[in-house]
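[1] Predicted structure and sequence below. I'll ask about it afterward.
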Amino acid sequence: MLERLMVRVGRSLPRSLKDRVRSAAQRILVPVPAPVPKGEIEPRHLIYTYGTDRLAVCYLATEQSDVSLIQKCVELLRPQKPIPVVCHAPGLSTLFNHPMIEVVTYEEFARRKIPVAVLVNDSRESEVELRCRDLWRSGAQFAIYDAYQPSDIVSEQKLRRYRDVTLHLEASTLFPTIYSNWDYINILVKEISDRPLDVLDMFAGSGVIGFCLRRETAIRSIAFCDVNYWAVRSMRRTMTADPALRGDIWLSEGLTGVPRSASFDLIVGNPPHADVDLSGPRVLPGADPRWEAHHLFFRDAHKHLRPGGRILFTESASAKIHEGFYTSLTARYPQYRLGRYIEQPNHVCFVMEILKA
Ligand SMILES: C[S@@+](CC[C@H](N)C(=O)[O-])C[C@H]1O[C@@H](n2cnc3c(N)ncnc32)[C@H](O)[C@@H]1O
């Protein structure tokens with residue numbers, strides 16, 4: 001009742017006031033760390049690792065101070081072959097003086113199909129985004145990694161491109177990662193193939209998984225569920241900007257907010273991973289103490305799965321979720337049987353298949 005009243009009052013406010021109220025609310029209510037100030041970023045922050053591997057990246061230099069940071073980072077990396085660097089400001093290219101750095105254009109970076117661009121500081125971020133958007137429009141697929149973000153959580157509203165989708169991220173939602181998302185989405189795309197399934201993206205966050213499936217597969221429908229209000233807002237904004245991605249979105253803890261009549265052929269998701277009592281913004285969406293979020297979900301999921309329906313979750317191998325949760329799942333919930341444990345070589349995550357018994 002009170003919430004509805006607030007929404008009604010909120011709608012009648014002028015836009016400028018609305019924006020101010022919203023950013024004040026985010027500052028007070030959303031405990032996210034600010035970007036690292038310039039001068040405090042260290043070369044090691046620029047190293048992007050992937051499982052046990054260091055991933056092929058391209059660095060994006062926008063300022064003079066980026067030059068020495070990138071050069072020192074390359075010293076740490078000791079690469080076998082030169083690492084590409086795009087100079088957003090053309091004058092910077094003459095300042096690089098390292099045999100293992102190759103200055104390339106934005107177009108060349110995209111042509112090489114490098115999956116990650118590491119942005120060193122936030123001063124020209126929107127210009128870089130605009131430049132990248134041209135490449136995205138031409139079909140190039142890569143993600144930007146903000147080395148200056150001390151957290152995997154977005155600290156202010158941002159647009160981020162991931163595969164073939166432009167995500168509108170609100171503060172407190174998670175940046176989609178290469179770790180738990182990219183290969184997982186590849187696996188899902190293969191699993192779904194051309195089947196017209198009704199799919200739920202559970203623990204959806206920015207909605208990155210569901211939106212990519214909507215774009216890349218022949219699924220009949222996509223729906224989303226997350227307990228975080230700002231995640232729901234992000235997904236709504238993404239859909240408003242790109243109506244082809246539309247689907248139901250439920251603000252819901254577990255499946256408690258999903259209508260009883262909603263049923264799916266497939267539930268996908270990247271649940272909070274670790275059974276530890278973590279606190280602090282960096283880990284907010286990542287921890288699941290005592291597997292409470294998992295239990296709450298599995299308590300109800302079978303009611304929303306059609307006969308033959310299944311769940312495919314990406315889970316962290318290092319958090320020992322298989323040993324800590326899935327080995328006893330079917331004893332506790334006889335409505336399920338365990339399917340495949342899909343391992344990914346040199347990867348921090350595995351994919352768990354759970355079938356409706
Ligand atoms: C690891 S993040 C994954 C986000 C997104 N799917 C991705 O891959 O980037 C986990 C998400 O689960 C949500 N979450 C945590 N506990 C939940 C619960 N009990 N019910 C619904 N959502 C929950 C968090 O808000 C967060 O967005």
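    The structure has been received and is ready for your questions.

[2] you'd agree Ser234 is up against Leu169?
    Yes: look at Ser234 against Leu169 with C-beta atoms under 8 Å: they come within range, at 5.3 Å. In this view, the C-beta of every residue, glycine as well, is placed from N, C-alpha and C.

[3] intersection of neighbour lists for the two?
    Taking C-beta atoms under 8 Å, 6 or more residues apart in numbering as the criterion, Ser234 and Leu169 both touch Ser206.

[4] How about the residues of this protein by the ligand?
    Contact residues, the chain versus the ligand (C-beta under 6 Å from any ligand atom): 174, 176, 180-181, 203-206, 208-209, 226-228, 231, 253-254, 270, 272, 285-286, 293, 296.

[5] Derive a PyMOL selection command for the buried subset of the residues you listed.
    Selecting only the buried entries of those in PyMOL, with 16 or more other C-beta atoms under 10 Å as the criterion:
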select buried, resi 174+176+180+181+203+204+205+206+208+209+226+227+228+231+254+270+272+285+286+293+296
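
[6] Which of the residues of the chain next to the ligand fall in helices?
    The helices, defined by DSSP state H, take in Val208, Ile209, Ala231, Ala293, Leu296 from the residues of the chain next to the ligand.

[7] Check the contact between Asp288 and His273; I expect there is one.
    Yes: contact status for Asp288 versus His273: in contact at 6.6 Å, counting by C-beta under 8 Å.

[8] what's around Pro196, how many residues?
    11 (other C-beta atoms under 10 Å).

[9] With Pro243 instead?
    Using other C-beta under 10 Å, Pro243 has 7 neighbouring residues.

[10] For it, grab phi and psi.
    Main-chain torsions, Pro243, degrees, to the nearest 10: phi -60, psi -20.

[11] how close does it sit to the ligand?
    Distance from Pro243 to the ligand, counting by C-beta to the nearest ligand atom, to the nearest Å: 21 Å.

[12] Contacts only, for the most centrally placed residue in the chain.
    The residue lying closest to the centre of the chain (C-alpha atoms, centre = their mean) is Pro176, at 1.5 Å. Applying C-beta under 8 Å, 6+ apart, we find Pro176 in contact with Ala143, Arg160, Tyr162, Leu167, Gly205, Ser206, Val208.

[13] Can you list the strands that the helix or strand where the fourth one lies pairs with?
    Mapping Leu167 onto the secondary structure by DSSP states H and E places it in strand 165-169. Applying DSSP bridges, strand 165-169 is found paired with strand 158-162 (antiparallel).

[14] any residues touching the partner strand, and which ones?
    129, 132-133, 136, 142-144, 166-169, 175-176, 181, 206, 208, 212.

[15] From the residues of the chain next to the ligand, which land in strands?
    If you go by DSSP state E, the residues of the chain next to the ligand have Asp226 in strands.

[16] on that earlier part again, which single one of the ones in helices among the residues of the chain next to the ligand is nearest to the ligand?
    Each of these was scored against the ligand by C-beta to the nearest ligand atom, and Ala293 proved nearest at 3.8 Å.

[17] Report the contact partners of the residue of the chain found nearest the ligand.
    In the chain, no residue comes nearer to the ligand than Gly205, which is 2.5 Å away by C-beta to the nearest ligand atom. By C-beta under 8 Å, 6+ apart, the residues touching Gly205 are Thr173, Leu174, Pro176, Asp226, Asn228, Ala231, Ser234, Asn270, Pro285.

[18] Apply 7 Å and report the result again.
    Residues near Gly205 by C-beta atoms under 7 Å, 6 or more residues apart in numbering: Thr173, Leu174, Asp226, Ala231, Pro285.

[19] ditto for Ala89
    Counting by C-beta under 7 Å, 6+ apart, Ala89 has contacts Thr62.

[20] and if you look at Glu353?
    Taking C-beta under 7 Å, 6+ apart, one finds Arg310, Leu312, Gly339, Arg340, Ile342 in contact with Glu353.

[21] pLDDT below threshold where in this protein?
    For the chain, the stretches flagged by pLDDT under 70 are 1-35, 49-55, 150-151, 177-180, 275-286, 345-347.

[22] Okay, helices next: where are they in it?
    Along the chain, the stretches classed as helices by DSSP H are 2-12, 15-29, 64-77, 106-111, 125-137, 183-192, 208-216, 229-241, 292-301, 321-324, 329-332.

[23] So for Tyr336, what's the nearest residue that isn't a sequence neighbour?
    The shortest distance from Tyr336 to any non-neighbouring residue, by C-beta to C-beta, 6 or more residues apart in numbering, is to Ile354 (5.1 Å).

[24] likewise Arg111?
    In this structure, Arg111 finds its nearest non-sequential neighbour in Ala140, 7.9 Å apart by C-beta to C-beta, 6+ apart.

[25] How many neighbouring residues does Ala117 have?
    Around Ala117 there are 23 residues (other C-beta under 10 Å).

[26] residues touching it, list them.
    Ala117 makes contacts with Cys58, Leu60, Phe109, Phe142, Ile144, Tyr145, as judged by C-beta under 7 Å, 6+ apart.

[27] So what pairs up with it in the strands?
    Taking DSSP bridges as the rule, Ala117 bridges to Cys58, Ile144.

[28] Report the separation between it and Pro79.
    16 Å (C-beta to C-beta, to the nearest Å).

[29] right, and Ile209 touches Val268 too?
    Yes: using C-beta atoms under 7 Å, Ile209 and Val268 qualify as a contacting pair, with a distance of 5.7 Å.

[30] quick one: common contacting residues for these two?
    In contact with both Ile209 and Val268: Asp201, using C-beta under 7 Å, 6+ apart.
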